[in-house]
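>>> when you get a sec, could you give me coordinates for this:
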Amino acid sequence: MKRKVVKIDEEKCNGCGVCIPNCPEGAIQINNGKARLVGESLCDGLGACVGHCPEGAITVENREADAYDERRVMENVFQEGEGVVVSHLKHLEEHQQHESLHKALEFLNERNLPAVLSSTPLSSRQYTHSSGCPGTRPVEFVRPSSGCSEAPNSGCRSELTQWPIQLHLISPIAPHFQGREVVLAADCVAYAMGDFHGDYLKGHALTIACPKLDEGQGRYLEKITALIEQAQIKTLTVLIMQVPCCQGLLRLAQVANSRSSRKVPLKSVVVSLRGEVLEEQWVPEKGIGNKD
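Next comes the predicted model:
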């Protein structure tokens, strides 16, 4: 398969070994005085080691390589102790590698890791100290009392309780999704509905997506499934517009719910182009249920 893998320039490498501790996956070792990639399946291609090479000998290239094997990587990481395990999970989280993260957590749960990792896959302190892009760093808000102010130009307070919200960017295992009621809204819904915050967002965690324009529908399915299985959400309310393409978002939620090891109550809300609620109903596993 063709994917990203690190490349080491032997001419530039001086064998200092600085890259070794910055590759907790164990993909790089010193051999005959040079850093070498000892296993393609151990390299995730994210390049965590690149910036640590003082000689600039490490780059990332896109080429034919063995598939990345997260479970094999975890065999190595697990031997290094809890600190390295946490570092590796944080590395996967910051790079939005949720499929690999899911496999890593499965591995850890099978080996009954300490409660700090087994009960809460990534602790809140790890999110607080995340060094990823500011636009994707998870943030939980403490909101003041809701309602609209009568003061001029003050408007209504937002009911948004966390960031990010785009489905590609959210982490299903973030603390603000754990055990919550979740709203999955098509991108256009909040613009069409004047009372979206008060009527549907209040008291809920939020994620948004466009089933027509967004790429990576398979990743969306993984994310929704993870919200159900790993975050143990209580309910999932899917708000879509009345246009046909929006039905794809509801179908993704239905498929995720049907494939999950646990099920959650799933509600469908269809909104008109003028922001009116045309239909609101609970959706059973095999189809549309009775209206509220």
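
>>> only C-alpha atoms from now on, for both contacts and neighbour counts.
Fine.

>>> now do the contacts for the nearest residue to residue 68 once chain neighbours are set aside.
Distance criterion CA to CA, 6 or more residues apart in numbering; nearest residue to residue 68, sequence neighbours excluded, is residue 41 at 4.2 Å. Applying CA atoms under 8 Å, 6 or more residues apart in numbering, one finds that residue 41 lies in contact with 27, 65-69, 72.

>>> so which of those residues are in helices?
residue 72 (DSSP state H).

>>> what two of the contacts of residue 41 are the furthest from one another?
The span of the contacts of residue 41, defined through CA to CA, is set by 65 and 72 at 15.7 Å.

>>> output the helix or strand containing residue 85 in PDB with nothing but the alpha carbons.
Assigned by DSSP states H and E, residue 85 belongs to helix 82-94. Provided in PDB are the C-alpha atoms of helix 82-94 (Å, rounded to 0.1, in the frame of the first residue of the first chain):
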ATOM      1  CA  GLU A  82       2.900   4.300  31.600                       C
ATOM      2  CA  GLY A  83       4.600   7.600  30.800                       C
ATOM      3  CA  VAL A  84       5.500   6.400  27.300                       C
ATOM      4  CA  VAL A  85       2.000   4.900  26.800                       C
ATOM      5  CA  VAL A  86       0.400   8.300  27.700                       C
ATOM      6  CA  SER A  87       2.800  10.100  25.400                       C
ATOM      7  CA  HIS A  88       1.900   7.800  22.500                       C
ATOM      8  CA  LEU A  89      -1.900   8.200  23.100                       C
ATOM      9  CA  LYS A  90      -1.500  11.900  23.200                       C
ATOM     10  CA  HIS A  91       0.500  11.700  19.900                       C
ATOM     11  CA  LEU A  92      -2.300   9.800  18.200                       C
ATOM     12  CA  GLU A  93      -4.900  12.200  19.600                       C
ATOM     13  CA  GLU A  94      -3.200  15.400  18.500                       C
END
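
>>> for that helix, buried residues please.
Residues of helix 82-94 classed as buried: 84-86, 88-94 (neighbour count, 16 or more other CA atoms under 10 Å).

>>> so which elements touch that helix?
helix 70-79, helix 98-110 (3 or more CA pairs under 8 Å, 6 or more residues apart in numbering; DSSP states H and E).

>>> report all helices and strands that the longest one contacts.
Spelled out, that is helix 98-110. helix 70-79, helix 82-94, helix 115-118.
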